[in-house]
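Q: Build me a model:
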Amino acid sequence: MVDSARGVLYPQRLPQFHRLPAGAASDLVAWFWIPEWSLPGGAVSRQDIVAYPALNLVVERDAVTLSGATTRISHRELRGTGWAVGAMLRPAAVAALTPAPAALVDREIVLDEPRLRDEVADAMAAGDRVRAAARFADWLIDRVGRVDEAARQANALVDVLLGAGAASTPDEAATRLAVSTRTLQRMAHRYVGVSPAAMIRRRRLQEAAEALREDARIDLAALAADLGYADHAHLTRDFRAVLGFTPSSYRTSQP
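A: You can find the predicted model right below:
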């Protein structure tokens, strides 16, 4: 299982925020995430995320949206009062929701799913986040049906690329899964929408940001080496290309 807190760049800016386990939908969902906010008039809470390479299904009061994997930093500005209930999808859930996850990279679509919207909204109106996640899980289980062996292998791909002791190269991941590198690439395209190499780069960026938040004095050259970058300059280029700023400036922006 991957770390559910890694992708948030500025945790101190978050509104009330909860991550709930997937429960009965553990083959389909990594975790459920639920922000709730109530901001005074005119106030804005900007959230900056270097998201996991995964699809997210999100329920709000008026809509259900499916968002694809991202290749850059993502932003959301919160205003007024509201909530969202999101599911970070495991690959096994993806095929039931879209035939082409690659077409959703860096974009989102609205789904016409009134049952899911209404059941989750009823639970949130009652202040019951656990019931909201349970109804969400039940809906996904009904929608996806039986998880076949190919989908389970796709789940294993994500675990190998993003989980504890993750593979450092696509070739290493393919060896661990006993498939060819070409098969690994096809699985990632079919179930996630981005390449295995892109997934590894995203994980490294998340780990770098997490390390910089936790230790203001960490040596950047040593951090780059620990994460598998060729050198400090390589880490800085990746950081700037995706996030728009350098590791040093990110470190100094932390409280």
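
Q: from here on, contacts and neighbour counts on C-alpha atoms
A: Noted.

Q: What about the closest residue in space to A87 that isn't next to it in sequence, how many residues nearby?
A: Leaving aside its chain neighbours, A87 sits nearest to F32 (4.5 Å; criterion: Cα to Cα, 6 or more residues apart in numbering). Per other Cα atoms under 10 Å, the neighbour tally for F32 reads 27.

Q: Neighbouring strands - and their directions - for the one helix or strand F32 maps to?
A: Counting by DSSP states H and E, the element that carries F32 is strand 29-38. Note on strand 29-38: by DSSP bridges, its sheet partners are strand 16-20 (antiparallel), strand 81-83 (antiparallel), strand 85-89 (antiparallel).

Q: ok, residues contacting the first one?
A: Just to be clear, that refers to strand 16-20. S4, W31, F32, W33, I34, P35, E36, W37, V130, A133 (Cα atoms under 8 Å, 6 or more residues apart in numbering).

Q: shaky segments in the protein?
A: The chain contains residues with pLDDT under 70 at 1-6, 14.

Q: show me where it has helices.
A: Using DSSP state H, the helices of the chain run over residues 91-94, 114-125, 129-144, 149-162, 170-177, 181-191, 196-214, 220-226, 232-243, 247-253.

Q: which secondary structure elements does the longest one contact?
A: Contact analysis of helix 196-214 by 3 or more Cα pairs under 8 Å, 6 or more residues apart in numbering; DSSP states H and E lists helix 149-162, helix 181-191, helix 247-253 as its packing neighbours.

Q: Now with 7 Å, please.
A: helix 149-162 (3 or more Cα pairs under 7 Å, 6 or more residues apart in numbering; DSSP states H and E).

Q: for the helix it packs on, which positions count as buried?
A: A151, Q153, A154, N155, A156, L157, V158, D159, V160, L161, L162 (16 or more other Cα atoms under 10 Å).

Q: Tell me how many other residues surround F239.
A: Residues near F239, counting by other Cα under 10 Å, number 23.

Q: Would you mind finding the most buried of the strands paired with strand 29-38?
A: strand 85-89 (a mean of 24; mean count of other Cα atoms under 10 Å).

Q: Between helix 149-162 and that one, find me the angle.
A: Interaxial angle, strand 85-89 versus helix 149-162 (axes from the mean of the first three to the mean of the last three Cα atoms, to 10 degrees): 100 degrees.

Q: Strand 85-89 to helix 114-125, inter-axis angle?
A: Here strand 85-89 runs at an angle of 120 degrees relative to helix 114-125 (the same axes, to 10 degrees).

Q: Provide the contact partners of strand 85-89 at residue level.
A: Residues from elsewhere that reach strand 85-89 (Cα atoms under 7 Å, 6 or more residues apart in numbering): 28-34, 54-60.

Q: Drop anything exposed from those.
A: 28-34, 54-60.

Q: Generate JSON lines for the residues you listed, with distance to H232 as supplementary columns.
A: What follows is the buried ones among the contacts of strand 85-89, written out as JSON lines (distance: Cα to Cα, whole Å):
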{"residue": "L28", "distance to H232": "37"}
{"residue": "V29", "distance to H232": "35"}
{"residue": "A30", "distance to H232": "32"}
{"residue": "W31", "distance to H232": "33"}
{"residue": "F32", "distance to H232": "35"}
{"residue": "W33", "distance to H232": "33"}
{"residue": "I34", "distance to H232": "36"}
{"residue": "A54", "distance to H232": "27"}
{"residue": "L55", "distance to H232": "31"}
{"residue": "N56", "distance to H232": "32"}
{"residue": "L57", "distance to H232": "36"}
{"residue": "V58", "distance to H232": "37"}
{"residue": "V59", "distance to H232": "40"}
{"residue": "E60", "distance to H232": "41"}
